[in-house]
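# Turn this into a model:
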Amino acid sequence: MGHSTAPKIGSHDDHPGGESESTEYLRQLFSERIVLLDGGMGTRIQADRLQEEDFRGEILKDHPKELKGDNDLLCLTRPDLVVKIHKEYLHAGADLIETNTFNGTTISQAEYQCESLVRDLNFQAAMLAKQACREVEAETGRRRLVAGAIGPTSRTLSVSPSVEDSSYRNVTWNELVKAYYEQVDALVAGGSDVLLVETIFDTLNAKAALFAIDCYYEDHPRESRLPTIISATIVDQSGRTLSGQTIDAFLVSVMHARPLCVGINCALGAAQMRPFFETLAKLAPVYVHVYPNAGLPNAMGGYDETPESFGESLVLYAQDHLINMVGGCCGTFPAHIQAVHERLKSFPPRPLHVRRDPVMRLSGLEPLYLTPELGFVNVGERCNLMGSLRFKKMVEQSRWDDALEVAKEQVENGAQVLDFNFDADLIDGQLAMGRFMRSCVTEPAIARVPFMIDSSKFKVIEEGLQAVQGRCIVNSLSLKVGEEDFIYHARLVRKYGAALVCMAFDEEGQAATFDDKIRICERTYKILTTKCGYEGHDIIFDCNILTIATGMEEHNNYGKDFIDAVEIVRQKCPGCYTSGGLSNLSFSFRGLNELREAMHSVFLYHAIPKGLSMAIVNAGALPIYTDIPEDMRQLLEDVVMNVSPEATEKLLEFASELKEKKAQKGGASGVVKAVEEWRTEGVEKRLEHSLVKGIDKFIVDDVQECLDGLQLRPLEVIEGPLMAGMSVVGDLFGSGKMFLPQVIKSARVMKKAVAHLVPIMETENRRKALEEGLDPDRPNWAGTVLLATVKGDVHDIGKNIVGVVLGCNNFRVIDLGVMVPCDQILKRAREEKADVIGLSGLITPSLDEMVFVAQQMRKESMDVPLLIGGATTSRKHTAVKIWPQYEASVVHVLDASRSVVVVNSLIQNPERRIEYMEDIKEEYDGLREDYYSTLVDKRWLSLDEARKMRYTIDFEKYPPPPAPRRLGNKYLDEYPLEELVEYIDWTPFFQVYQLRGRYPNKDYPKIFNDKRVGEEAKKLFDDAQARTARIRVVEWITATAVVGVYRACSSGDDINVLSLDGSGEVLETFYGIRQQLDTEQDQTFALGDFIAPEASGLPDHIALFCCQAGIGVEERKKMYNATHDIDKSIMLEALADRLAEAFAELIHHKIRTDPDFWGYVPEEKLTLSDMLKVKYVGIRPAPGYPTQPDHREKDTLWRLLDAEKLSGGKMVLTESLMMMPAASVCALCFAHEKAKYFAVGQINKDQVADYSARRGCTVEDSERWLGSSTLGYEPQSQ
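Below you'll find the model as predicted:
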């Protein structure tokens, strides 16, 4: 096969026996072409309709248990059939066949009482598969390999089979490891070339299998190690395994095993599997595979996908370079594999994904990537017997449900990792750790975050690791036990797949001084990376936070030594992270929690910038640094940083005074009293507080109290206290005292309350309706609102936000999505009996589509109120263009905060609606009168006059910019998102959420200083930073671009783009529109003014580009919407939009400075702030915007760039000239130093006629595309 140049994926070079030859062979094969796996062995066996005697044979003819269905036994009783089926798949084109051992463990075979046969059947299965390979190799001359198949067993370590006891399991870790070890032993002995751990529905089961494989090779050091392939099963469209992990969390959990290949199989067909596999393919740094079912099961339990359709569905994967290996699972026969073989043999394999950022990756049910953008990580401390007396009492009294609530509270309060420690004198730590971990992993609210398994006893640590499917942190090991024991335990931690905290502690004792901390950490790092197989980013150093302000002088510098040491350790130990237990720092002030938490906050204020990655803290309790009273803060600053010998004495005096005040007040802190106070209010006030503050902890109990205590009926609870609370939310939002992110939290609380009431209400309503002879299924909504982004427009962030706000207020919201045709809007409005229709749009052509919808509503005699919203809409346009077409009720809604008031005014009271619409009519009549009067008053230049006043550049004095060294188009595929992040303009992001600061704090980052919105803007920004970090790592979003540079010359107002060969042939023309309003200016502008005219003879050029950062957004939005995570959906869309604009800024920067693009000002040294203030040379106008308001110019740009073809269909221009995906930007780039931005404004009929003649289109067509904002007259067509 020639010399391999493939990267060492799945390497186990540290194994004494080295790697097997099949490992290197497969690496080479994966790098050359798509490898083909076989199909469904079980499916093919079932097709032969075997009888009981086939499974018994001679050796089991007297077996006491029925054996039909135990397919693995056929390796012993019908070896001829097994070989025949293997050969059928091999003849179909398979490179790799699986052994018939899916149920080949003692655990699975125990159901048939066949445990004693496990070694024989696995050994024989591998031998039979090898035999089939040899025979077909002899026929075809092509090498084939055998994968020893290791199934999931019939038991699960992560899910309790007992409803009563979430900690109960019907199998243990050690039992599973033993069973898998026996299977691996036999599969290797039988001649397998690969070990395939497949159909993983519980990651912890898979980790046990991988652990067993490691154990086997440790016990057989002279054997060469076989490669491992790992395959997960996503059970449904939630995108999770049966045990709850997302595919990216699963990947993090198993990568410690250094697999050669990872992938997905079973449960779903290729189409349903695609979005989850795309995530895996983008994220995995190894080869990837997919072997789906033949579609979804039909009503009879069979599969309907034909070989042809199955093959075509996988062609779509291959076209997008997603796969390295492909095969089939349930429902796939040799014909299916042959169809795949024939269709995929010409496609190249997926190129390997190279991780650019070696960061720590952890996981619970979801992943956590410790990127720089994530910042400081809060590790929750309250499930630690040494950190919480309350938790300790719960464990001592076996109040496990209460203990689970403590864990939940920490996650809700912001803990990103949870620390668990059960070390105490009278508690069996191992028993407690195992029991509590098994319960925690069944609670999604807890299990979604990674766990830190914390103990001084390694048996307790192992107990925790054996219960958790995600990738944990072990806290901790140290060299105090000696180097030999340290290495043994560190290797074992790595085998479990965990990251590791190491204490700065060695044989001589704990590191207290700065020098000792550095020395021990350096030594530990060297041992871990050279002798234990660790990467730097899997190591966390705890440099020992020791108690300060004890009164002993030698302790005074402990805080500063730690802070200084953290910085140096990060420098000397590349990639490592640092941590610490904060409670030690303030141990001198036990009982003064406010002082302690303030000290912790001050300490972190200094330690985090120095490189402290994480700390074990009381999540949610730390005060904001600037909120600490100034006198206390200064004392704490002096103590933490040891600025003077008197600092400790001053703080001790302050603490003494604080203790006296506390005793006088009864000992309770203000925070506790505040919490107690609102919980002692009446239930209506408690509900209001929960809704306004977004607290869902008590909502169900309080709602139930309304039912039981106040004797309210469910509907009365909704219409009474709940709607009263949401009215307060609405008022606060409308008055600007509450912001959209907070409203979204309120919506979640409201949904939880309503979800509790709906089943009760439905039962009650049905009974009452039946008694009264009414329809029992009649709705109880405040009203039904139908929302749609109109045909030709794909933007929907604003619409989604309106939907959230209306949903909060008990309106039934039906969102039809984007690009919705008029007939579909009106049809659904009738079907759903909509009370209000809301139309949204962003681009100018959408305005005309809204007019059309209004016209159709009038023609069909509808009287449903019509709401108009979106960035391009206005009250004026609504009054002038839409209202006259549909006078029933048309209202422009400025933003989401007004939507509830408007909808209530329109539908809740007929008399109120008449009164409201009379006010609107009076307002809109006035707007129309003003508009038409301005048309009469406007003074126009004739087109000839405007051209005589054109802006003229002396191109001899100011010549065109230097010529680029290359011309033509350049395609940028999967551009690194981390580069885009640096160019993000965050100000528009806050505007999406309607957070607008006041001067001088309008823009980012000054908005954080705004008294009204600053605090909420900062919270939103922090959420966005975390989400952006995750998007970068997981690569949900793919960014691509096409950039072109061409020769150009101007011809009047227009720009001719010339051929690349220098012949002067005109390829395309960009048509300019000249300013025409007489504003007493000295000159008028058109884009053609900035390019040297043909007659000058001077060579000039123009750059153009289109870019997108939205591929993957729609799929992820669908997932979020399916789980009602509308806040995540909105944020993802907003971030995609920011990334696309950032990409445009980056491309323009490269066009200006990079010779590979153009580089006409290579010396430019501008900051992002400078760029956003347009301090660069040249301009970057976009078609459809003020400098050229005709969207048809996009079509010209698209043809020149050949964008759709070069991007492989990732960037598309629709018939309505919308760019897809929505997060896309295109622009022309003018390089002349005299080019400047301008707005065309409105133009008159003579220019529209001239412009249309140059374009070769009708005047009516141009009027339609230019729209009322550009036309200075009322077109006859309207």
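# Just the element for the most centrally placed residue in the chain, please.
In the chain, the C-alpha closest to the average C-alpha coordinate belongs to residue 1031, at a distance of 5.1 Å (Cα atoms, centre = their mean). Residue 1031 is part of helix 1014-1034 when elements are defined by DSSP states H and E.
# Let me know the pLDDT of the residue nearest to the centre of the chain.
pLDDT, residue 1031: 80.
# Against which helices or strands is the helix holding residue 1031 packed?
Applying 3 or more Cβ pairs under 8 Å, 6 or more residues apart in numbering; DSSP states H and E, we find helix 1014-1034 packed against helix 270-283, strand 367-369, helix 740-772, helix 977-981, helix 987-992, helix 1126-1153. The way it works is simple: take the backbone N, C-alpha and C, and place the C-beta from them, glycine included.
# tell me the contacts of the residue nearest to the residue nearest to the centre of the chain when sequence neighbours are not counted?
Residue nearest to residue 1031 in three dimensions, not counting chain neighbours: residue 1037, with 5.5 Å by Cβ to Cβ, 6 or more residues apart in numbering. Taking Cβ atoms under 8 Å, 6 or more residues apart in numbering, we find residue 1037 in contact with 977, 1031, 1109-1113, 1135-1136, 1139, 1223.
# ditto for residue 1106
1041-1042, 1197-1198, 1201, 1203, 1211, 1219, 1224-1226.
# how far away is the closest residue to it other than its chain neighbours from residue 829?
Nearest residue to residue 1106 in three dimensions, chain neighbours excluded: residue 1226, at 3.9 Å (Cβ to Cβ, 6+ apart). Look at residue 1226 and residue 829: by Cβ to Cβ, to the nearest Å, they are 34 Å apart.
# Please apply the same query to residue 22.
63 Å.
# so what does the biggest strand by length in the chain touch, helix or strand wise?
Within the chain, and with DSSP state E defining each element, the longest strand by residue count is strand 1038-1051. Helices and strands touching strand 1038-1051, by 3+ Cβ pairs under 8 Å, 6+ apart, are strand 968-972, strand 1054-1058, strand 1100-1111, helix 1126-1153, helix 1193-1201.
# Reformat the ones you listed as TSV; add mean pLDDT and distance to residue 30.
Supplementary listing: those in TSV, determined by pLDDT from 0 to 100; distance: least, Cβ to Cβ, whole Å:
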stretch	mean pLDDT	distance to residue 30
strand 968-972	95	25
strand 1054-1058	97	44
strand 1100-1111	96	25
helix 1126-1153	93	31
helix 1193-1201	97	34
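# right, and these - which one's nearest residue 1183?
helix 1193-1201 (3.5 Å; Cβ to Cβ).
# which is the next helix or strand following that closest one?
helix 1203-1206.
# hang on, the earlier thing: contacts for the helix holding residue 1031, please.
With Cβ under 8 Å, 6+ apart as the criterion, helix 1014-1034 contacts 248, 279, 282-283, 357, 359, 361, 367, 369, 371-375, 739, 741-742, 977-978, 981, 986, 989-990, 993, 995, 997, 1001, 1004, 1007-1008, 1010, 1037, 1128, 1131-1132, 1134-1135.
# ok, now with 7 Å
248, 279, 283, 369, 371, 373-374, 739, 741-742, 977-978, 981, 986, 989-990, 993, 995, 997, 1001, 1007-1008, 1037, 1131, 1135 (Cβ atoms under 7 Å, 6 or more residues apart in numbering).
# do stretch 404-418 as well
For stretch 404-418, contacts defined as Cβ under 7 Å, 6+ apart pick out 362, 368, 377-380, 382-383, 391, 439-440, 443, 445-446, 449-452, 473, 619-620.
# which residues in the stretch 251-400 of the chain form strands?
Assignment of strands within the stretch 251-400 of the chain using DSSP state E, counting those that start in this stretch yields the ranges 261-269, 287-293, 325-326, 361-363, 367-369, 377-384.
# So what touches the first one?
The reference is to strand 261-269. Residues outside strand 261-269 that contact it (Cβ under 7 Å, 6+ apart): 198-199, 229-235, 251, 254, 273, 276-277, 280, 284, 286-296, 305, 324-325, 329-330.
# Quick one: work out the angle between it and strand 287-293.
If you take axes from the mean of the first three to the mean of the last three Cα atoms, to 10 degrees, strand 261-269 sits at 20 degrees to strand 287-293.
# is it fair to say the residue nearest to residue 1106 lies in a helix?
No. Using DSSP: H, G, I helix; E, B strand; the rest coil, the assignment for residue 1226 is strand, not a helix.
# does it really touch residue 1194, like I thought?
Yes. Using Cβ atoms under 7 Å, residue 1226 is in contact with residue 1194, at 6.0 Å.
# and those two? which has more neighbours close in?
residue 1226 (24 against 19; other Cβ atoms under 10 Å).
# which residues sit in contact with that one?
Counted by Cβ under 7 Å, 6+ apart, residue 1226 has contacts 1105-1106, 1182-1183, 1194, 1197, 1219.
# between those, which is closest to residue 103?
residue 1219 (51.8 Å).
# What separation do you get for that closest one and residue 841?
15 Å.
# Now the two most distant members of the contacts of residue 1037.
Comparing all pairs in the contacts of residue 1037 by Cβ to Cβ, the longest separation belongs to 1111 and 1135, at 13.7 Å.
# Which parts of the stretch 501-650 of the chain are strands?
Counting by DSSP E, counting those that start in this stretch, the strands of the stretch 501-650 of the chain are 505-506, 509-510, 539-542, 577-579, 614-617.
# For those, please prepare TSV with the additional fields mean neighbour count and distance to residue 802.
Listed next are the strands of the stretch 501-650 of the chain as TSV, based on neighbours: other Cβ atoms under 10 Å; distance: least, Cβ to Cβ, whole Å:
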stretch	mean neighbour count	distance to residue 802
strand 505-506	20	58
strand 509-510	12	59
strand 539-542	25	45
strand 577-579	25	42
strand 614-617	27	38
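# hang on, the earlier thing: buried set for the helix holding residue 1031?
1014, 1016-1018, 1020-1021, 1024-1034 (16 or more other Cβ atoms under 10 Å).
# Including distance to residue 169, could the contacts of residue 1037 go into a markdown table?
A markdown table is the format used below for these (distance: Cβ to Cβ, whole Å):
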| residue | distance to residue 169 |
| --- | --- |
| 977 | 41 |
| 1031 | 36 |
| 1109 | 45 |
| 1110 | 44 |
| 1111 | 42 |
| 1112 | 37 |
| 1113 | 40 |
| 1135 | 40 |
| 1136 | 42 |
| 1139 | 44 |
| 1223 | 45 |
